[in-house]
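**Q** the sequence isn't on hand, but the structure is:
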């Protein structure tokens, strides 16, 4: 067995941060100065004060030790770029207008269809390594730029392939209801009857996702997809209320969805329903990097927390609406624009997303958890959301091995 000790650190364990964190967001389980013992890539024990167990210990110089960041909503598998579209938006074109004209998601779809699986996996691996540099050790990655059965399966295989090569852990999601190909005949019917069956055959139990929005999938279409997916025992997640509140939040709650994501247009009544459903396993995922890049509209994270919702902050890393690999940047925006406190933002990028993705072995520094850790360059954990524009993670560990130092 391999044992190592990290000493002289301010340890933010997140051990007292289970359940909703609102108000001041207290309960981060901070050990002011202590040590962590690791054995075979797993946290063995934690203590206060000086390490006295003998052997060599790595002195962390009083800096903050955090659980590895968990990014629970990304579209990091893509080909091509959307910089020309970004310039069009700067000139006044709207996101939904570009989508209706065959741009937006569709421009990425065309590039992804033309790419090979190896090319997609290679591009994704590079982005995952960017995310790792910024402290992300577990990442969810969606398909959704295929919009046909063959390409969606190719994307999921590429996500799986890149995940096998990456130091961290990748969780794939089948976002097969991402948009509608305007050139396809009855795209929704094909997705529900053909693509879902193919995904289920090769990736049983994978989470399903769809984008419910004007110009994308309607509420009724999402519900039909999710009802069939639920019959096949696939967990449900949904993009909803990004630009328009169409009623998908309430439908998602009725379907037992794991998360409702975006929520920029969500009103008080729906926020209250999200809070009430938190005890049934629902999470609210806010994506402030999209508001920063698109239109300065942000989910009301403060109201969600005060309603009792379990709030997750994610990057939504993608080529069109959120070209950002940094969860710390997302946390910084969540504090400034969504109303979270620095402590609440920390929970929303560590323990809460780990719970959303079903991981009981990460998101906190506790005995028995994986040794996925982030060492800050600071002795104050508020640096994660206070500082921006740089990289707050000085060193990153995955499974007991330093992968960035």
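**A** Nice, I can see it. Keep in mind that what you see is a predicted model, and the values were worked out from it rather than measured. Numbers count the residues shown, from 1 in each chain.
**Q** residue furthest from the geometric center of the protein?
**A** Going by CA atoms, centre = their mean, the residue of the chain most distant from its centre is residue 54, 39.5 Å out.
**Q** did I read that right, that one in a helix?
**A** No - counting by DSSP: H, G, I helix; E, B strand; the rest coil, residue 54 falls outside a helix, being coil.
**Q** from residue 344, how far off is it?
**A** Between residue 54 and residue 344 the computed distance is 39 Å (CB to CB, to the nearest Å). Just so you know, the C-beta spots here come from the backbone N, C-alpha and C atoms, and that holds for glycine as well.
**Q** any idea how many residues pack against the closest residue to residue 180 other than its chain neighbours?
**A** Nearest non-adjacent residue to residue 180, counting by CB to CB, 6 or more residues apart in numbering: residue 187, 4.7 Å away. Neighbour count of residue 187, defined by other CB atoms under 10 Å: 19.
**Q** verify the stated contact: residue 187 with residue 181.
**A** Yes - with contact defined as CB atoms under 8 Å, residue 187 counts as touching residue 181 (5.1 Å).
**Q** what is in contact with the two at once?
**A** Common neighbours of residue 187 and residue 181, counting by CB atoms under 8 Å, 6 or more residues apart in numbering, are residue 147.
**Q** neighbours of residue 255, just the number please.
**A** 16.
**Q** residues contacting it?
**A** 223, 226-227, 230, 236 are the contacts of residue 255 under CB under 8 Å, 6+ apart.
**Q** hmm, try it at 10 Å
**A** 222-223, 226-227, 229-230, 236, 238, 248 (CB atoms under 10 Å, 6 or more residues apart in numbering).
**Q** quick one: which of the residues you listed is most hemmed in?
**A** Counting by other CB under 10 Å, top hit in these: residue 238 with 30 neighbours.
**Q** residue 221 is in contact with that residue, correct?
**A** No - contact between residue 238 and residue 221 fails when scored by CB atoms under 10 Å: they sit 11.5 Å apart.
**Q** tell me, what's touching those two both at once?
**A** Counting by CB under 10 Å, 6+ apart, the residues touching both residue 238 and residue 221 are 177, 210, 212.
**Q** pLDDT weak spots in the protein?
**A** Regions of the chain meeting the criterion pLDDT under 70 cover residues 1, 16-26, 99, 101-102.
**Q** outline the domain layout of it.
**A** Residue ranges for each domain of the chain read 3-67+363-404, 70-356, as given by automatic domain parsing.
**Q** which of those is buried the deepest?
**A** Of those, the one with the most neighbours on average (mean count of other CB atoms under 10 Å) is domain 70-356, at a mean of 21.
**Q** can you give me the end-to-end distance of it?
**A** 10 Å (CA to CA, to the nearest Å).
**Q** now residue 33, what's its secondary structure?
**A** Going by three-state DSSP: residue 33 is strand.
**Q** how about the helices in the stretch 301-405 of the chain?
**A** 301-306, 327-337, 342-348, 351-356, 383-386 (DSSP state H, counting those that start in this stretch).
**Q** which helices and strands does the third one pack with?
**A** Put plainly, it is helix 342-348. Helices and strands touching helix 342-348, by 3 or more CB pairs under 10 Å, 6 or more residues apart in numbering; DSSP states H and E, are strand 3-12, strand 64-67, strand 283-286, helix 301-306, strand 310-313, helix 327-337, helix 351-356, helix 383-386.
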